[in-house]
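K.L.:
Next one to model:
(one chain, ligands or ions: 2)
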Amino acid sequence: MWVDGLRKANSMRILIASSEAVPFAKTGGLADVAAALPQAISRMGHEVWLALPYYRANQPKITKANYPIHQTGVEFDIEMGEKTVTGELYWSEIPNTNVTVLLIDQPEYFNRPGLYQENGHDYADNCERFAFFSRAVIEVCKKLILRPHIVHANDWQTALIPALLQTEFAYHPQFLRTRSVYTIHNLAYQGQFWHWDMELTGLDWKYFNWRQMEAYGQLNLMKTGIVFADAVTTVSPTYAKEIQTPSFGCGLEEVLATHHDKLSGILNGVDTHIWSPSVDTHIEENYDAKTVKEGKAVNKAALQEQLGLPQKPDTPLIGMISRLAVQKGLDIIAPILEMVQRDAQFLFLGTGESQYEDHLRYLAQKYPEQIAAYIGFDEGLAHLIEAGSDLFLMPSAYEPCGLNQMYSMLYGTPPIVHETGGLADSVVDTTEETLKEGKGTGFSFKYYNTESLLQTINRALDLYEDKPAWDKLVQNCMKGDWSWSRSAKEYINIYQRLTHSPREAIPVSI
Ligand code: ADP
Ligand code: GLC
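P.N.:
Numbering: from 1, shown residues only. Ligands and ions are numbered 1, 2, ... in the order given. Reported below is the predicted structural model:
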């Protein structure tokens with residue numbers, strides 16, 4: 001009883017806001033993280049809500065039986081510039097968890113084919129859509145009389161929330177004890193809009209200055225989140241350092257350096273209920289470290305068949321799953337595909353910039369025996385690629401954290417990575433020594449160029465031919481612990497520290 005009482009006393013109310021989370025909507029790693037972190041925190045005894053836009057157009061992907069969506073009847077009005085926009089609250093749960101999902105419904109904003117863009121073009125009213133969503137999160141708290149200890153916002157889409165809590169709602173009785181955390185998942189996407197969109201935030205123009213919401217003449221929501229949050233995190237310790245330098249800071253390096261006292265890097269984890277070869281429901285045959293050889297062989301054959309590659313069990317198969325964006329190293333990969341002079345197959349699953357989509361299609365047509373490309377988004381195929389490939393390709397130019405390298409290690413598929421951000425923090429390069437010590441888990445290179453990548457691929461293919469060494473490498477990979485509990489504890493420490501300290505002083509405006 002006493003222990004229970006103590007647990008309750010220490011338990012916090014945490015509201016996490018995100019623009020995507022599985023299984024409701026996904027374009028990339030943010031969706032995996034925004035679903036897994038709330039679950040890990042809730043398992044530690046805290047009360048957690050997850051706020052998402054209600055993307056009705058994505059609903060066909062959602063099986064109603066798994067997670068029914070309920071109407072609440074709660075409506076709210078928000079002033080957006082000169083108009084009043086009405087929203088409605090729906091609710092659901094992350095299946096089989098205690099995490100309540102608050103779905104913000106506004107069909108004109110969110111009932112669209114894409115989350116942020118269509119046919120490669122961002123929606124012109126993205127600032128309006130996500131300013132509305134950010135305000136709606138606060139309105140919903142008011143309506144439900146939620147008094148969160150922590151509101152945790154993610155990326156530019158929800159970056160306005162920390163600013164609202166520090167300004168307009170700073171003295172609202174419900175939020176007096178609320179502290180905000182802002183996580184940067186990718187600094188390259190900043191939510192930059194022309195200055196007149198300041199009107200849509202509903203905040204006073206006095207905040208539109210170089211110390212707060214303005215950057216290079218524009219409204220910058222990423223900067224807004226960094227400046228106003230009580231704590232700022234990013235998704236790996238190395239990226240936290242990198243973004244304070246001009247090469248990785250995307251123009252915000254000085255803002256980050258100014259606020260470095262409240263900045264830290266916490267490596268993401270893996271939701272092993274979804275991403276583990278022993279329980280994965282998408283793959284052909286489940287396996288674990290003991291049965292990896294047989295399991296991989298079955299999955300590899302299925303993958304080769306599905307993608308139309310010749311079924312050669314002994315030919316190394318190198319897989320890649322990616323947004324097709326320059327971030328992911330496509331500029332150094334493309335020339336290599338015509339240069340690898342060895343018996344190897346390459347397989348790509350991705351969608352994104354049309355130049356890369358077209359080039360991969362062209363290569364797959366030109367080399368049908370060696371290269372396959374599936375241009376599209378396919379969750380099931382992504383799992384099969386992790387299970388059926390021998391090596392995973394992820395030579396990102398920069399990578400805040402990266403999830404696929406961790407997934408691939410858990411599936412016994414050593415990753416080939418550029419030593420940057422979360423890739424540097426999670427993959428240990430394989431040398432004779434690191435292999436023997438049980439530490440080597442993949443292949444990494446320092447200098448971002450085609451030659452280094454080619455050398456590294458060749459190094460990996462050489463080791464593939466040394467079967468005992470390869471088996472050892474696969475075992476090293478599969479014993480890694482990437483569970484969320486480690487990272488969730490670090491977030492909890494930050495939340496707890498904040499709830500016991502006074503609010504960050506409101507930055508001085510000019
Ligand atoms: P990022 O968020 O930068 O795209 P991450 O490695 O953190 O990179 O996460 C990417 C997530 O999106 C992974 O879960 C990956 O499997 C998934 N993903 C990316 N592209 C596709 C695709 N075309 N089809 C299915 N899943 C994809
Ligand atoms: C971003 C980053 C990726 C990270 C993901 C989840 O999309 O590009 O590196 O893993 O967010 O944090």
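K.L.:
Pull up the gap between Phe228 and Leu423, please.
P.N.:
Separation of Phe228 from Leu423 (Cβ to Cβ, to the nearest Å): 30 Å. Yep, even glycine has a C-beta here, placed from its N, CA and C like the rest.
K.L.:
List the backbone torsions phi and psi for the residue in the stretch 1-150 of the chain positioned nearest to ligand 2.
P.N.:
Proximity to ligand 2, evaluated over the stretch 1-150 of the chain using Cβ to the nearest ligand atom, is greatest for Gly29 at 2.9 Å. With angles defined as degrees, to the nearest 10, Gly29 sits at phi -60, psi -30.
K.L.:
residue ranges of the helices in the stretch 1-150 of the chain, please?
P.N.:
2-10, 29-43, 107-110, 126-144 (DSSP state H, counting those that start in this stretch).
K.L.:
so which of the ones you listed gets nearest Ile78?
P.N.:
Each of the helices of the stretch 1-150 of the chain has some distance to Ile78 by Cβ to Cβ; the shortest is helix 126-144, at 4.9 Å.
K.L.:
could you dump that closest one to CSV, C-alpha only?
P.N.:
This file holds the C-alpha atoms of helix 126-144, laid out as CSV (Å, rounded to 0.1, in the frame of the first residue of the first chain):
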residue,chain,number,x,y,z
ASN,A,126,1.0,24.2,-43.2
CYS,A,127,1.6,27.0,-40.8
GLU,A,128,-2.1,27.5,-40.3
ARG,A,129,-2.8,23.8,-39.9
PHE,A,130,-0.2,23.2,-37.3
ALA,A,131,-0.7,26.5,-35.5
PHE,A,132,-4.3,25.4,-35.1
PHE,A,133,-3.3,21.9,-33.9
SER,A,134,-0.9,23.4,-31.3
ARG,A,135,-3.6,25.8,-29.9
ALA,A,136,-6.1,22.9,-30.0
VAL,A,137,-3.9,20.9,-27.7
ILE,A,138,-4.1,23.6,-25.1
GLU,A,139,-7.9,24.2,-25.7
VAL,A,140,-8.5,20.5,-25.2
CYS,A,141,-6.6,20.5,-21.9
LYS,A,142,-8.8,23.4,-20.8
LYS,A,143,-12.0,21.6,-21.8
LEU,A,144,-11.0,18.4,-20.2
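K.L.:
rounded to a whole number, what's the mean pLDDT of that helix?
P.N.:
On average, the pLDDT along helix 126-144 is 98.
K.L.:
likewise stretch 356-367?
P.N.:
Averaged across stretch 356-367, the pLDDT comes to 95.
K.L.:
With stretch 191-198 instead?
P.N.:
On average, the pLDDT along stretch 191-198 is 98.
K.L.:
who touches it?
P.N.:
126-128, 130-131, 155-157, 159, 205, 208, 213-222 (Cβ atoms under 8 Å, 6 or more residues apart in numbering).
K.L.:
Secondary structure element for whichever residue of the stretch 401-510 of the chain sits closest to ligand 2, which one?
P.N.:
In the stretch 401-510 of the chain, the residue that lies nearest ligand 2 is Cys401 (3.6 Å; Cβ to the nearest ligand atom). When elements are assigned from DSSP states H and E, Cys401 belongs to no helix and no strand.
K.L.:
where does this structure dip in pLDDT?
P.N.:
Under the criterion pLDDT under 70, the flagged ranges of the chain are 1-9, 58-66, 504-510.
K.L.:
Outline the domain layout of it.
P.N.:
Domains of the chain are assigned by automatic domain parsing as 13-269+486-499, 292-481.
K.L.:
okay, how far is it across the longest one, tip to tip?
P.N.:
End-to-end distance for domain 13-269+486-499: 11 Å, by Cα to Cα, to the nearest Å.
K.L.:
hmm, it touching ligand 1?
P.N.:
Yes - on the criterion Cβ under 6 Å from any ligand atom, domain 13-269+486-499 is in touch with ligand 1 at Gly28, Gly29, Leu30, Asp32.
K.L.:
quick one: that domain to chain centroid distance?
P.N.:
When C-alpha coordinates are averaged (Cα atoms, centre = their mean, to the nearest Å), domain 13-269+486-499 and its chain have centres 13 Å apart.
K.L.:
Arg342 and ligand 1: what is the separation?
P.N.:
Per Cβ to the nearest ligand atom, to the nearest Å, Arg342 is found 26 Å from ligand 1.
K.L.:
So that residue, which state does it fall into?
P.N.:
Assigned with DSSP: H, G, I helix; E, B strand; the rest coil, Arg342 falls in the coil class.
K.L.:
For it, the count of nearby residues, please.
P.N.:
Other residues within reach of Arg342, judged by other Cβ atoms under 10 Å, total 13.
K.L.:
Cross-check the contact I'm expecting between it and Ala460.
P.N.:
No - between Arg342 and Ala460 there is no contact under Cβ atoms under 8 Å: 10.6 Å.
K.L.:
what's the overlap in contacts for those two?
P.N.:
By Cβ under 8 Å, 6+ apart, Arg342 and Ala460 have no common neighbours.
K.L.:
need the contact list for the closest residue to Val33 other than its chain neighbours.
P.N.:
Closest residue to Val33 apart from its sequence neighbours, by Cβ to Cβ, 6 or more residues apart in numbering: Asn268 at 5.4 Å. Residues counted as contacts of Asn268 (Cβ under 8 Å, 6+ apart) are Gly29, Asp32, Val33, Val235, Ser236, Cys401, Leu403, Met406, Gly422, Ser487.
K.L.:
Does the residue of the stretch 1-150 of the chain closest to ligand 2 touch Asp155 like I think?
P.N.:
No - if you go by Cβ under 8 Å, Gly29 and Asp155 don't touch, sitting 10.8 Å apart.
K.L.:
higher neighbour count, the two?
P.N.:
Asp155 (25 against 21).
K.L.:
what about the domains of the chain, which gets the closest to Val279?
P.N.:
Closest approach to Val279 among the domains of the chain (Cβ to Cβ): domain 292-481, 10.9 Å.
K.L.:
gap between the two ends of the closest one?
P.N.:
Span of domain 292-481 from end to end, Cα to Cα: 17 Å.
K.L.:
roughly how far is it from the heart of the chain?
P.N.:
Centroid displacement of domain 292-481 relative to its chain, using Cα atoms, centre = their mean, is 19 Å.
K.L.:
what does stretch 484-492 give?
P.N.:
With Cα atoms, centre = their mean, you get 16 Å for stretch 484-492.
K.L.:
What are the contacting residues of that stretch?
P.N.:
Residues lying outside stretch 484-492 but in contact with it, judged by Cβ under 8 Å, 6+ apart, are 12, 36-37, 39-41, 43-44, 46, 152, 181, 233, 264, 266-271.
K.L.:
try 6 Å
P.N.:
Ala36, Ala40, Ile41, Ile266, Gly269 (Cβ atoms under 6 Å, 6 or more residues apart in numbering).
K.L.:
Turn those residues into TSV, columns for distance to ligand 2 and neighbour count.
P.N.:
Compiled in TSV, the contacts of stretch 484-492 are given as follows (distance: Cβ to the nearest ligand atom, whole Å; neighbours: other Cβ atoms under 10 Å):
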residue	distance to ligand 2	neighbour count
Ala36	10	26
Ala40	14	23
Ile41	16	25
Ile266	10	22
Gly269	10	22
